[in-house]
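[1] I'd like to go over a predicted model; first the sequence, then the structure.
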Amino acid sequence: MSYTIPNLNQYIMMPRITFFSLIWAIICSHSIQAQQTTYTNLEEALKTPQQVTRLNLSEQKLKALPASLKQLKNLEYLDVSLNLFQGFPEVILSLKKLRTLKLYTNYGKYMRIHEIPAQITRLKQLRYLDISHLPLHKEPKVVYQLTNLEVLKMSSVIPIIDIKKTPRKPNTGGFRSSMQGAYALTLQGIRQLKKLKTLDISHQTWRMKTLPPEIAQLTSLETLDISSNWYKSLPVGIKNLQKLKHLNLNHTTEHLKNASIHLEFLGQLKLETLHLKYANNPASILNLLNHPAQLRTLNLSFCSLKKLPESLFRFTQLHTLDLSYNKLSNLPQNLAALVQLETLDISNNSFEKLPTAISNLARLKKLDCSRSFLCYPEKDLALPDNFGQLKNLEELNLRGNAINHFPASFGQMTRLKSLNIYGIVVTTQMATQLAQLTNLEYLEMTLDEKAQLPSTFKNLTKLKELAIAASYCEGVPTANYIAAFPVVICDLSALERLSLVGHEIKTIPPQIRQLQQLKLLSLYDNTLTTLPDELGELKALTYLNIDLYCIGNRYELCHQPLVLPTSLCKLKQLKDLKYGDRKIDLASLARVRQCLKLNSKD
């Protein structure tokens, strides 16, 4: 037998190499971390301008960008969306290294940017551009010259609403027909964007009568959103988009004449995502797909389905399925064929009993069975006895259903993190079952007036957000009030957000001091008569709401001054104190405002 003598040198050198490798790794990690930091304050960013690569100034009510922005010469990411610009901020054009620019708004509500300047072509490194909903007066053809673009989003850039001008009559197109300078989105020149992978030209509705054929030359496209465009036809050349993986046809297919002919190209694609919201005959479209094993996400909402099409069960690799807002009253057992399903939305259907077939979806992580309602849940929903078999479920929404009891297996869903059961009147027995869901992080519920939260509720040690609201109708609490603050809540030491809304809570127990992680406390529409000094010990609190809806039997209380404890001055993180129309003792209010430097408006 022979033995190999080991090379000792490699072991002698190893510690030295490992040490320097470790140092280098630490240096690189700090460098990467510095580059990836996203600043949200321009003044802070300007303290170290050379290090700043990401800046988010969205929703800051900015009317202009200062010239000092050009000092950020290494800026690669800039989000200035949802601001109040009255024109395109010219200083952006000096940011030569910019790769991402987000400049979107909401239907011209905020910004008055009517034109994209020709000088935007200076941004030669730009890869991502979002100008959705800008009230443009003409097609932004200049962006088609940004030849390095990989993502272009310009949803709803045609509607131009002139709020100073009286709408034309007859106003046949709703509020958007009161337009100034409406134009056609021709996409002429878009063929230059050879590297484009994502294109969003959705929500042009009747103002974009056809999909221009030039789009067929974007052969690198992987994601295309043409939803809410009322095309009568699609160009024949669309079949050239062989790399397309994600396609949004929501609210579009029903306008096509001979849809099955215009959508034949789907058979050539290996789609991973397909949205068919409002499709008149989704089964015929699904039959066109020749690569069912590739599809991961499918949206069939608002399709007036009374039963599921048989062709659906070919898509055995689906991860996400949206069947919301249909007319389904049952689901077949062969739903279990969708063995990879992780997210299922069956909200706002006609179920009286949740189909047992759902319990066979072993991989399901997210289930939405909610219903919309005005005042009270109008329809009963019975949960199957085997509901607890959904061992992997993490999110469950049962909001708006009339459920009288949970099945015995309910507490077995121990991986559940988020549960919304608002509108379901939870009894003490049901609350005891909830206490078994020890991984819950979010819980929204309605508690029966006679019910008590059990002492075992403190077992929800991971709960970060708890909302217990009374039953409301047209903004007024009408039932299921809590008469006193449930003291057991104070044992939930991980709580960060607590909302107890619409109850008859008059005092807060001193044990609230135990909630040291609490950042948000909403006691909106409660009959509070006093606030404890212990509130001042909630060091992490940034938001406090003690507003009261001054109506009915609460009107008199609303005008009795509520004294703010001096201890609130300890809450150095408090940014928002909401009290609305409720009368607050002026001396205590002035003291708290001064010591916390709060705005004069709550």
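    Yep, it's here.

[2] so what does the longest strand along the chain touch, helix or strand wise?
    Looking across the chain with DSSP state E, the single longest strand is strand 418-426. If you count contacts as 3 or more C-beta pairs under 8 Å, 6 or more residues apart in numbering; DSSP states H and E, strand 418-426 packs onto strand 395-397, helix 428-434, strand 442-447. All C-beta spots, glycine's among them, are computed from the backbone N, C-alpha and C.

[3] Now tabulate those in a markdown table and tack on mean neighbour count and mean pLDDT.
    Formatted as a markdown table, the helices and strands packed on strand 418-426 follow (neighbours: other C-beta atoms under 10 Å; pLDDT from 0 to 100):
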| stretch | mean neighbour count | mean pLDDT |
| --- | --- | --- |
| strand 395-397 | 20 | 98 |
| helix 428-434 | 18 | 96 |
| strand 442-447 | 21 | 96 |
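
[4] hmm, back to that, and the longest strand of the chain with strand 442-447, angle?
    Angle between the axes of strand 418-426 and strand 442-447 is 10 degrees (criterion: axes from the mean of the first three to the mean of the last three C-alpha atoms, to 10 degrees).

[5] Tell me the strands beside strand 418-426, with direction?
    Using DSSP bridges, the strands paired with strand 418-426 are strand 395-397 (parallel), strand 442-447 (parallel).

[6] Next, the buried residues of it.
    For strand 418-426, the neighbour count (16 or more other C-beta atoms under 10 Å) marks 418-426 as buried.

[7] And the helices and strands packed on strand 418-426: which comes nearest Leu286?
    strand 395-397 (26.1 Å; C-beta to C-beta).

[8] host element of Leu129?
    strand 128-130 (DSSP states H and E).

[9] any idea of the mean pLDDT for that strand?
    Average pLDDT, strand 128-130: 98.

[10] Parallel or antiparallel, list what pairs with it.
    Checking strand 128-130 against DSSP bridges gives partners strand 100-102 (parallel), strand 151-153 (parallel).

[11] could I get the strands paired with strand 418-426 as a markdown table with distance to Asn459?
    Below are those laid out as a markdown table (distance: least, C-beta to C-beta, whole Å):
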| stretch | distance to Asn459 |
| --- | --- |
| strand 395-397 | 18 |
| strand 442-447 | 13 |
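
[12] can you give me the helices for this protein?
    Taking DSSP state H as the test, the helices found in the chain are 8-36, 42-45, 259-262, 282-286, 428-434, 555-558, 586-596.

[13] Contacts for the third one next, please.
    This means helix 259-262. Helix 259-262 is contacted by residues 233-234, 253, 256, 280-281, 284-285, 288 when judged by C-beta atoms under 8 Å, 6 or more residues apart in numbering.

[14] From these, keep the buried residues only.
    Buried, going by 16+ other C-beta under 10 Å: 234, 253, 256, 285, 288, out of these.

[15] List the contacts of the first one.
    Same thing as Leu234. 211, 256, 262-263, 265 are the contacts of Leu234 under C-beta under 8 Å, 6+ apart.

[16] ok, now with 10 Å
    By C-beta atoms under 10 Å, 6 or more residues apart in numbering, the contact set of Leu234 is 210-211, 213, 215-216, 226, 249, 252-253, 256, 259, 261-265.

[17] Buried among those? Make that a PyMOL selection.
    Buried subset of the contacts of Leu234, written as a PyMOL selection, criterion 16+ other C-beta under 10 Å:
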select buried, resi 211+215+216+226+249+252+253+256+259+262+263+265
